[in-house]
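K.L.:
quick one, what's the 3D model for this:
(one chain, ligands or ions: 2)
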Amino acid sequence: MYVLFLGPPGCGKGTQAQYLTEATDFLQLSTGDLIRAEIKAKTELGKQLESLYSSGKLVDGGLVLKMVQKVVASEGAKSILFDGFPRTVSQATAFGEFLQSVNKKLDCVFSFSLADSEILDRISGRMTCADCKAVYHAKTNPPKNEGICDKCGGELVKRTDDSRESVKLRLEEYHRETEPLKEFYKKENLVYEIDASQPIEMVRKQIFNKIEAISK
Ligand code: ADP
Ligand code: ZN
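P.N.:
Numbers count the residues shown, from 1 in each chain. Ligands and ions are numbered 1, 2, ... in the order given. Okay, here's the model as predicted:
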């Protein structure tokens, strides 16, 4: 099964993706994580991506699609959760053509919605484990010990692109470039709406129930 998480930065996609991959055999394909890994490894691609990424701008769609194709080619038999890609209608079109060419299709698009004001609060409190990528929040989802990951004991860090300025840019970009994808996928009858202002556990249940319903 192939599903996609669509929603603004900070709405809880990564948090929910983590639950899904822990409890099921879904592989999470987070293009944000792929990009951050390339940058950290200082690869050629990573160098090309770094300056755009840190300023909060969208990185080149062709480069991202290439990374996605590589993963699908090697892991395509598994269920995949696409997270953070596609980001624009033209990326979605290219992605759809690619999936078709390998005889695959999306089964559901989970569309998360959350007000901009709440997004800023969530991102300003966000901390991520440097080792296992688990996501926490100072208020809504704190770790048991400050600064330390519950799951693996790793160090919790703030992402370099989580500054207020960068978040504002990403939000504008989201509304302009990515939000139209909702209409794009509605036409294909793939959209399942998630009210992302609900508590984490309620969002989790809603997603699990839907996936169970589709699997039948
Ligand atoms: P995204 O992957 O969409 O950018 P995250 O999963 O990183 O979003 O969540 C952003 C922040 O909000 C994190 O600090 C996370 O702990 C917190 N968070 C996620 N979901 C919820 C929720 N339903 N209610 C309150 N806080 C949440
Ligand atoms: Zn960890």
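K.L.:
show me the strands in this structure, by range?
P.N.:
Taking DSSP state E as the criterion, the chain carries its strands at 2-6, 27-30, 80-83, 108-113, 126-129, 135-137, 156-157, 191-195.
K.L.:
adjacent strands (with direction) for the longest one?
P.N.:
It stands for strand 108-113. Strand 108-113 has these partner strands in its sheet, going by DSSP bridges: strand 2-6 (parallel), strand 191-195 (parallel).
K.L.:
just the third one next, same as before
P.N.:
Sheet pairing for strand 80-83, assigned by DSSP bridges, gives strand 2-6 (parallel), strand 27-30 (parallel).
K.L.:
turn those into CSV, including mean pLDDT and distance to ligand 2.
P.N.:
Yep, even glycine has a C-beta here, placed from its N, CA and C like the rest. CSV is the format used below for those (pLDDT from 0 to 100; distance: least, C-beta to the ion, whole Å):
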stretch, mean pLDDT, distance to ligand 2
strand 2-6, 97, 21
strand 27-30, 91, 15
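K.L.:
looking at those strands, which is buried most?
P.N.:
Highest mean neighbour count of these: strand 2-6, a mean of 24 (counted as mean count of other C-beta atoms under 10 Å).
K.L.:
who touches it?
P.N.:
13, 16-17, 26, 79-84, 99, 104-112, 178, 181-182, 185, 190, 211 (C-beta atoms under 8 Å, 6 or more residues apart in numbering).
K.L.:
which members of these additionally contact ligand 1?
P.N.:
The subset of those within reach of ligand 1, by C-beta under 6 Å from any ligand atom, is Lys13.
K.L.:
which of the contacts of strand 2-6 are buried, as a ChimeraX select command?
P.N.:
A single ChimeraX command selects the buried members of those (16 or more other C-beta atoms under 10 Å):
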select :13,16,17,26,79,80,81,82,83,84,99,106,108,109,110,111,112,178,181,185,190,211
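K.L.:
and the pLDDT for the residue nearest to Cys129 when sequence neighbours are not counted?
P.N.:
Using C-beta to C-beta, 6 or more residues apart in numbering and skipping the chain neighbours, the partner closest in space to Cys129 is Cys149 (3.9 Å). For Cys149, the pLDDT comes out at 97.
K.L.:
give me the phi and psi for Cys149.
P.N.:
phi -70, psi 130 (degrees, to the nearest 10).
K.L.:
show me what contacts it?
P.N.:
129, 131-132, 134, 136, 143, 155-156.
K.L.:
one step back: can I get the strands paired with strand 108-113 in CSV including distance to Lys40?
P.N.:
CSV is the format used below for the strands paired with strand 108-113 (distance: least, C-beta to C-beta, whole Å):
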stretch, distance to Lys40
strand 2-6, 23
strand 191-195, 30
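K.L.:
ok, residues contacting the least confident helix or strand in the chain by mean pLDDT?
P.N.:
Taking mean pLDDT, DSSP states H and E as the measure, the chain has helix 44-54 as its least confident helix or strand, at a mean of 81. Helix 44-54 has contacts (C-beta under 8 Å, 6+ apart) with 35-36, 38-40, 58-60, 63, 160-161, 166.
K.L.:
so which of these are also by ligand 2?
P.N.:
For ligand 2, no contacts are drawn from these by C-beta under 5 Å from the ion.
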